[in-house]
Every structure is written in structure tokens, then in C-alpha cells.
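J.: here's a sequence, model it:
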Amino acid sequence: MKSSLQTPPTTADVFGLTSSNGQPYETRHNLASVWPDFLTFEPGRMVRVVLIDDDPHIRRVIAGELTSDLRIDLVGQAECARSGKRLVSSAEFDVMIVDLNLGDGSGFELIEHMKRVRNHAEAIVISVMDDEQRAIRAFELGATGYLVKNAWFGSFPQAVLQVCSGGASITPNLARRLLQRLGAPSAAASVAAGEGTAGESHVLSEREREVLKQVALGHTSPEIAEHFGLSVQTVNTHIRNIYRKLRVRSRAQAVSQASHRRLI
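T.: As a prediction, the model looks like this:
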């Protein structure tokens, strides 16, 4: 059953954000009609979400956005790491939205716990900190989203549906910086620095690097296929090769490993 909230404020209300003409941003209560078809998850089934944040006001705002979308079922909320761990262990859900700083613990711990007990679920980090290292650590643990709270107004349902559709959701400015890191020194520079040898199997082809950059931007396989004029099957083959070469099991881990090793 969906949570009942009376006229919840939008994230734009909380942070006082306005559009370029000085008017408040419109609350997005009917996004199903404007989002692309690939953000549908599984036909006939709502996406089940748990929300863990120690700030009750921010939690209420995000909950309001989630419950405004008919495709999302907010099945539980928690205000600390301890209650969050209980919620993750007891609830059936598809996506966990979790703050990194919870007072009595870390969101990193909850991501690790979630991957042990609900390995199929996706994790989206929310944080006030626009920090590359924290984002990379979250991706290494298995998160598929990293959103900066004051930059993701009105779009939390979109983030949920995006990660459930095989994509990633990253605050644009942070995604750009991560891509800059990915595109900085080449694999040859890493080899020279002692991070690998030329004979290692994890060196990516040019096309694999291009595909991985699109993955880092949060694009799904159909979107990447359309961008490069390829079939979805070919894109998925590239992604499987990337996994094999980087010895990872998820898109987020592939982006994190490539960034860490400076392979692209």
C-alpha cells in the first residue's frame, strides 16, 4: 500500500529552486506520460522501494515524490542505520535509496548488507556531498546510482525507474567528472605506472571504451545501440566482454574499475 502524504513539498520547495524565468519548478506528478518506454520496469508490477535517511524533512520530500508516481510502491522507510538494516532484512523490495551519513552508521554498510540479503536489489545513494571517491566506493560495493540531494530535485522516481531498467543514475556534474577521470590517462600510462602489463586481458578495445563511457552516463543497452547504430545484442556482447576483461559483475563495478585503473 502506498504511503499517504498530504500535499508533500517538492525537493524544489525545500531548496528554494526556481526555473530560469523565476517561477518554481513544476512538481512532477504525472511523469508516466512523458518518460520513454524503457523506463517501465516490468509491465503490471510496481517498483518496490525502501528509503533510509536520518533527515525527516528530506525523507518526507523524497517519499512524496516517490508516492506521486503510480509505478512506484514505497514499502518502507527508516531513519537510521540500525532500523535500516532491519528494514532491508525484512522487506521485499527492488530499490533501496540510502543516505551515506546516518548518524549511527554509514550507508556503505547498508549497501554491503543489502547485497548479502537482497542481492537482486539496486541501491541508489543520496548525499549532500558531491564527492568522486565516495561515489566510486559506492559503485564498487554495488550501487547503481549516486545523487546529490540539492541537484536532483523532482527526479527521484526517474532515478528509481532508470536503475530498474538496466541503467545507472548519477548527478550530471558528478558523472561528467567521473567521465573526465575515465578519459584521462590511457591504459599505456597505467602500465608505465606499474598498474598492469601489456599482456593482461583487461585492456579494452576502442568500441568497448566508447560503450563503457555511455554506461557511465547511465544509458541503457537500447539507448547505446541507437547511439552507435548497433543492435542491442551487439551492445550486450560488448558489455559482457567488458565484464570479463575487468573481472566485474555489474555496470557500476565496470565503471568504477575502469576509473580506478585509468583504462579509458
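J.: who's in contact with the residue lying closest to G142 once chain neighbours are set aside?
T.: Spatial nearest neighbour of G142, excluding adjacent residues (CB to CB, 6 or more residues apart in numbering): K115 at 4.7 Å. No exception for glycine: its C-beta is placed from N, CA and C like everyone else's. For K115, the contact set (CB atoms under 8 Å, 6 or more residues apart in numbering) comprises 123, 141-142.
J.: out of those residues, grab the one that's most surrounded.
T.: Using other CB atoms under 10 Å as the neighbour test, the contacts of K115 are led by A123, with 26 neighbours.
J.: where's it, which helix or strand?
T.: Using DSSP states H and E, A123 sits in strand 122-127.
J.: check G64 too.
T.: Per DSSP H and E: helix 56-67 holds G64.
J.: mean confidence score for that helix?
T.: Helix 56-67 carries an average pLDDT of 92.
J.: stretch 133-147 now?
T.: 87.
J.: again, but for stretch 162-176
T.: Confidence for stretch 162-176, expressed as mean pLDDT, is 80.
J.: before we move on, the earlier item: and the residue nearest to G142, which of the three is it?
T.: Assigned by DSSP: H, G, I helix; E, B strand; the rest coil, the conformation of K115 is helix.
J.: can you give me the pLDDT of it?
T.: Looking at K115, its pLDDT reads 90.
J.: does L87 touch V49 like I think?
T.: No: between L87 and V49 there is no contact under CB atoms under 8 Å: 11.2 Å.
J.: give me the more crowded residue out of those two.
T.: Ranked by neighbour count (other CB under 10 Å), L87 and V49 place V49 first, with 28 against 19.
J.: name the SS class of the more buried one, please.
T.: Classified using three-state DSSP, V49 is strand.
J.: the closest residue to it other than its chain neighbours: neighbour count?
T.: Excluding its sequence neighbours, the residue lying closest to V49 (CB to CB, 6+ apart) is V95, at 4.8 Å. Counted with other CB under 10 Å, residues neighbouring V95 total 24.
J.: one step back: and which of the contacts of K115 is nearest A175?
T.: Nearest to A175 among the contacts of K115 is A123, at 16.9 Å by CB to CB.
J.: tell me what the closest one is bridged to.
T.: As for beta bridges, A123 partners with M96 under DSSP bridges.
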